[in-house]
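K.L.:
build me a model from this:
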Amino acid sequence: MKRKKLYRFYKNKRTRFHPSLQIESNDKRWKNMELTSSPTTSGRYIKLKHNPNGSDKQAYIRKYLRNDSIKTRGELLAKYHLSEDDLKEIELFIRNNKKS
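P.N.:
Okay, here's the model as predicted:
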């Protein structure tokens, strides 16, 4: 089972079709982090410098790596893109919080 790193945004059926950033995927599972513009608790989110959907609204990525069934991955959100600065910060978070 080959794993790929794919930083793309998809709708997530488990989170009421909210956008999620795909971190890894294989035939059965996909690891993802939720995107939001209204965080519930401070400190649990990475504040993004640029909103991936191009909006002026502040965007955040939740500091939690979801591991969902591939069946919950919905439509690709092709117009969503991460800036290089935001991608570096997310990768740093993943590296520092990866379980061995």
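K.L.:
quick check: mean pLDDT of stretch 13-30?
P.N.:
Taken as a whole, stretch 13-30 carries a mean pLDDT of 95.
K.L.:
buried sites along that stretch?
P.N.:
K13, R14, T15, P19, S20, L21, Q22, I23, E24, S25, R29, W30 (16 or more other Cβ atoms under 10 Å). Placement of C-beta: from N, CA and C, glycine included.
K.L.:
find the nearest non-adjacent residue to P19, please.
P.N.:
Leaving aside its sequence neighbours, P19 sits nearest to L35 (Cβ to Cβ, 6 or more residues apart in numbering; 4.3 Å).
K.L.:
can you tell me the helix or strand for that neighbour?
P.N.:
Secondary structure from DSSP states H and E places L35 in strand 29-36.
K.L.:
restricting to C-alpha, output that strand in CSV.
P.N.:
What follows is strand 29-36, C-alpha atoms only, in CSV (Å, rounded to 0.1, in the frame of the first residue of the first chain):
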residue,chain,number,x,y,z
ARG,A,29,-7.6,6.2,4.6
TRP,A,30,-6.8,9.8,4.3
LYS,A,31,-5.1,12.1,6.9
ASN,A,32,-6.4,15.6,6.9
MET,A,33,-6.7,18.8,8.8
GLU,A,34,-9.8,21.0,8.9
LEU,A,35,-9.9,24.5,7.6
THR,A,36,-12.2,27.1,9.3
